[in-house]
Structure formats: structure tokens, C-alpha cells
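Colleague: I'd like to go over a predicted model; first the sequence, then the structure.
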Amino acid sequence: MKQQKCIALLIIALLGCLMYSSLGRAEQKETLAHVLSEIDALAVKYSMKDAENGDATAQFNLALKYYNGEGVPQDYKKAAKWFRKAAEQGDAKAQYNLGFMYYNGEGVERNYKEAVKWYRKAAEQGDAKAQGTLGFMYSEGKGVSQDHKESAKWFRKAAEQGDADAQGTLGAMYDTGTGVAQNQTEAAKWYRKAAEQGNAKAQDRLGTMCYRGEGVTRNFKEAAKWLNKAAEQGYAKTQYKLGFMYSEGKGVPQDYKKAAKWFRKAAEQGDVRSQYKIALMYLVGEEGVVQNRTEAERWFRKAAEQGLVEAQVMLGLTPIFA
């Protein structure tokens, strides 16, 4: 309680200084950074006392400070030490973080079996992150024998708690029949849950399923809606698909300018199909793209360098690029 009052007083003092000072913007930022640093240092001081007295929450918080270098120099070994102390007292978040450090070899020697051990302890307490990560370890066979059924079991537990990555992965497992019986209706269900939380891969896959009528009723408008969400997040595969839908007028009004926009965005990320499409649009000067054979050749070349035969053939047509 005493430590919370001290920190609260520091924050009040900080706000007062910033509200009523005549300092310039740069000086205010410098003052803010200094006071926040002092607050971190004070928090570490109080956490250290409680941690040394065996308080698991304080041990976890102190570990985070050492891991992130807040109020103390960054020190992964000390972070691992305090995560371990909290983990051994049953703190699920500390167990997950200790597993993470073993997985990455931070502050401890990399050891997938130890990572699994701590992930499992946290997962069995209901920690969704740990459940999803344990599912990943089983799917990859890291620290355990590869077991897709066991992987699906843990991904499901995390997915049912609302973890978007786990929902997307479980959707993919139903989609391909990995560890579960293939079921596209179930796949679409889990993709939708993840997509509604902003997971770009799930948005892409749900949009594709809506386009094809897989696991859901075929609906081009619904497909365009989800593909647009993923494309806006920079997902190149989806940007190509959305460009195609605009070029064909499926689910959206036909619009070559928007088609070119999305093909270009995907092409700039190295999507070979989009490189070829934008090259064709520059070659013939479709509506929304001014004819430019230099640009056409540039994009055909990029696609050809990735092994696209059609682009290699176009480059070989010397009357076009002579």
C-alpha cells in the first residue's frame, strides 16, 4: 500500500509539472521520460522487497522489469530467475513466460522439452496463450512427439477462450483435416471467429470460402467484405484476390482503377500473379492505368525472375519490347 501511495504521488507531481510548467514540448518530453524512469526504478525497488519475501506477483512483475529493461538494465538471466520463482509457486503467467524463455534461449539454454513442461503447467491452469503455444509445439513436434490430435485439443481449448490465433489455426485444421475430421462448415465457423477479431489470415480464408461456397453459402459480396479487411492489413495474397474481384466485378462494381491499385500493392510485396497482372494492365493501358511499356516490361521481368513462364514468354516477344 505504501509503495502504491509513493508511486501515485510521483504521478500527481508529474502531471502538475507538465500542466503548469512553461517548458517547451521537447523539454516536457524529456521531463516525462525522466520521471517515468524514476517511477520504474521505484517500482523495481518495492517489487524487489516483496519478491525476496516470496510474493509471487511481485516476483512476476520484477521478472518483467528485468526482461524489458524497465527501471533496471535489461537482464534475461535475472528475468528467468524471477519468472522461475513465481512459476514454481504456480503463477500461470510466469510459467508461460518461463516456457517462452526456454523456447527462445533467453537467459537460459534453449530447451524445447523444458519449454513444453512450463507451457503445459500454464495451459493446465487455463492460460489461453499457453494452450495455443502447446498446440503449436505438438503440431511442430518441438519438445514432444508430433501429434496433430493433441495439437487440435490444445488449440481448441485456447480457441474456446477467444484466442484469435488459435481460432484461425483450428479453422485451418478443420479445413485440411489435420488432427480432426475434415469439415469445412466447422472451418468456416472458426475462421469467422478469428476474422471478427481482425486475424488477416482468417479473413483471407473466410473470404475465399465465401467466394467458392465452401462451408458457407456462396456470396461474392461477403467474400469481398472479408478480403477487403485482410487486404487493408497488407496481406499480399488477399490483395491479389481483391484486385481480381474488382477487375471482374464480382461482389463489387467493376473498377479497373481499384483492381490496379490492389494488384500493384501485392506486386510490390513480391506476389508473382499480381506482378504479371499489373504488367498486362500497363501493356494494354486498361481503364485506370495509363499505357506504359517500360513499366509493363519492369513487372514482367520481376515475375519472370520468379519463374512465371507466362511472363518469360511475354519478355521473349521482341516486337512488344523492342
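Modeller: Received the coordinates, thanks.
Colleague: need the helices for the stretch 51-200 of the chain, in chain order.
Modeller: Applying DSSP state H, counting those that start in this stretch to the stretch 51-200 of the chain gives helices spanning 56-68, 76-87, 92-104, 112-124, 128-140, 148-160, 164-176, 184-195, 200-212.
Colleague: Of those helices, which shows the lowest average pLDDT?
Modeller: Mean pLDDT across the helices of the stretch 51-200 of the chain is lowest at helix 56-68; the value there is a mean of 94.
Colleague: which other residues reach it?
Modeller: With contact meaning CB atoms under 8 Å, 6 or more residues apart in numbering, helix 56-68 is reached by 40, 43-44, 46-51, 70-72, 74-76, 78-83, 85-86, 89-91, 93-94, 97. C-betas here are computed from N, CA, C, even on glycine.
Colleague: just to revisit the earlier point, got CSV for the helices of the stretch 51-200 of the chain, with distance to Gly288 and mean neighbour count too?
Modeller: Shown next, in CSV, are those (distance: least, CB to CB, whole Å; neighbours: other CB atoms under 10 Å):
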stretch, distance to Gly288, mean neighbour count
helix 56-68, 48, 22
helix 76-87, 52, 21
helix 92-104, 47, 24
helix 112-124, 50, 21
helix 128-140, 42, 24
helix 148-160, 41, 21
helix 164-176, 33, 24
helix 184-195, 29, 22
helix 200-212, 22, 24
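Colleague: Tell me which of those sits nearest to Met281.
Modeller: helix 200-212 (21.6 Å; CB to CB).
Colleague: now the closest one: how far from the chain's centre is it?
Modeller: In terms of CA atoms, centre = their mean, to the nearest Å, the centre of helix 200-212 is found 17 Å from the chain centre.
Colleague: swap in stretch 80-91?
Modeller: With CA atoms, centre = their mean as the basis, the mean position of stretch 80-91 lies at 27 Å from the chain mean.
Colleague: try stretch 207-216
Modeller: Counting by CA atoms, centre = their mean, stretch 207-216 comes out at 23 Å from the chain centroid.
Colleague: Reformat the helices of the stretch 51-200 of the chain as a markdown table; add distance to Gln275.
Modeller: Shown next, in a markdown table, are the helices of the stretch 51-200 of the chain (distance: least, CB to CB, whole Å):
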| stretch | distance to Gln275 |
| --- | --- |
| helix 56-68 | 41 |
| helix 76-87 | 42 |
| helix 92-104 | 35 |
| helix 112-124 | 39 |
| helix 128-140 | 32 |
| helix 148-160 | 35 |
| helix 164-176 | 27 |
| helix 184-195 | 27 |
| helix 200-212 | 19 |
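Colleague: Verify the contact between Gly99 and Ala115 for me.
Modeller: Yes. Assessed by CB atoms under 8 Å, Gly99 is found in contact with Ala115 at 4.6 Å.
Colleague: Okay, the residue nearest to Gln233 when sequence neighbours are not counted and Gly213: tell me how far apart.
Modeller: Leaving aside its sequence neighbours, Gln233 sits nearest to Ala200 (CB to CB, 6 or more residues apart in numbering; 4.3 Å). To Gly213, Ala200 is 22 Å away according to CB to CB, to the nearest Å.
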